[in-house]
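*Asks:* generate coordinates for the sequence data below:
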Amino acid sequence: MAIGYVTTANTFQQWLIATQDLITVANNLTDNIAGTFYANTNLVAGNTLNVVGDATISGNLTVSGNITLDAIGFDDLLVNGSASIANTLSVTGNTTLSNVIVSSNISTVNVTSTLAVGTNANVYGTLYVAGDATFGGNVTLDSVGFDDLNVTGNASVTLNQTIGGTLGVTGNATFANAEVTNTLTANIANVTNLVGTANTAIYTRIEAAEATSLAFAIALG
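*Replies:* Okay, here's the model as predicted:
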């Protein structure tokens with residue numbers, strides 16, 4: 001309740017009551033003798049405002065400058081609702097994010113430790129891996145576009161692989177226990193080592209051709 005104004009027409013008792021009310025408000029502001037101080041207007045602090053205890057803001061908090069959290073203590077920022085950041089968010093320490101939805105682009109992500117993705121990860125640009133890439137499942141190349149697999153170094157395949165299109169090898173190719181279930185066309189100038197069933201079939205045809213040629217040569221004298 002507002003304190004009433006006093007004039008020279010007021011009695012000493014009225015002056016005393018008004019003065020006591022002012023003292024009570026000042027003591028409540030400085031020493032918290034009544035529990036709560038209500039400022040029903042704009043409160044402007046022209047200098048540093050230090051809050052030693054808890055601060056509860058039931059409305060909006062607008063900060064036109066920076067917010068610096070003390071690194072010595074009380075350095076946690078807990079946001080139970082949404083946080084909208086219109087500018088850059090810089091985090092120098094660890095960041096734990098749960099259920100992150102990014103509605104726009106992320107220009108650069110520098111991950112110096114392990115990156116774990118629990119669901120699908122779509123990369124629409126170039127993916128460069130400086131170290132090893134280990135796939136625990138299948139690798140499927142999109143048949144619509146960008147379906148070429150270019151390997152400039154060595155490729156070691158220890159499991160079964162199915163290639164629906166053309167496999168072109170410009171360098172040396174070593175196959176151990178290779179099984180061809182359909183037609184195999186080999187345009188090879190020199191065949192040095194064919195083993196197994198393929199070897200038997202090829203050399204059987206060669207021997208038959210040589211025998212036929214020898215018979216014709218004998219018959220023709």
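*Asks:* burial of Val100, as a residue count?
*Replies:* Val100 has 6 neighbouring residues, counting by other C-beta atoms under 10 Å. Placement of C-beta: from N, CA and C, glycine included.
*Asks:* what's it sitting at in phi/psi?
*Replies:* Backbone torsions for Val100, taken as degrees, to the nearest 10, come to phi -90, psi 130.
*Asks:* lowest average confidence across helices and strands of this protein, where is it?
*Replies:* helix 196-219 (a mean of 73; mean pLDDT, DSSP states H and E).
*Asks:* what about stretch 113-123, distance to the chain center?
*Replies:* 6 Å (C-alpha atoms, centre = their mean, to the nearest Å).
*Asks:* what residues of it count as buried?
*Replies:* By neighbour count on 16 or more other C-beta atoms under 10 Å, the buried set for stretch 113-123 is empty.
*Asks:* give me the mean pLDDT for that stretch.
*Replies:* Stretch 113-123 shows a mean pLDDT of 80.
*Asks:* likewise for stretch 94-107?
*Replies:* Predicted confidence along stretch 94-107 averages 77 (mean pLDDT).
*Asks:* now do the same end-to-end measure for it.
*Replies:* For stretch 94-107, the first-to-last residue distance is 20 Å (C-alpha to C-alpha, to the nearest Å).
*Asks:* same question, stretch 93-106
*Replies:* Distance across stretch 93-106, first residue to last, is 19 Å (C-alpha to C-alpha).
*Asks:* tell me the span between the first and last residue of stretch 77-85.
*Replies:* This stretch, stretch 77-85, spans 14 Å end to end (C-alpha to C-alpha).
*Asks:* now what about that stretch, what contacts it?
*Replies:* Stretch 77-85 is contacted from outside by Leu69, using C-beta atoms under 8 Å, 6 or more residues apart in numbering.
*Asks:* avg pLDDT for it?
*Replies:* pLDDT averaged over stretch 77-85 gives 79.
*Asks:* for stretch 166-185, same thing?
*Replies:* Mean per-residue pLDDT for stretch 166-185: 72.
*Asks:* helix, strand or coil: sort out Gln14 for me.
*Replies:* Here Gln14 is recorded as helix under DSSP: H, G, I helix; E, B strand; the rest coil.
*Asks:* residues contacting it?
*Replies:* By C-beta under 8 Å, 6+ apart, the contact list for Gln14 reads Val6.
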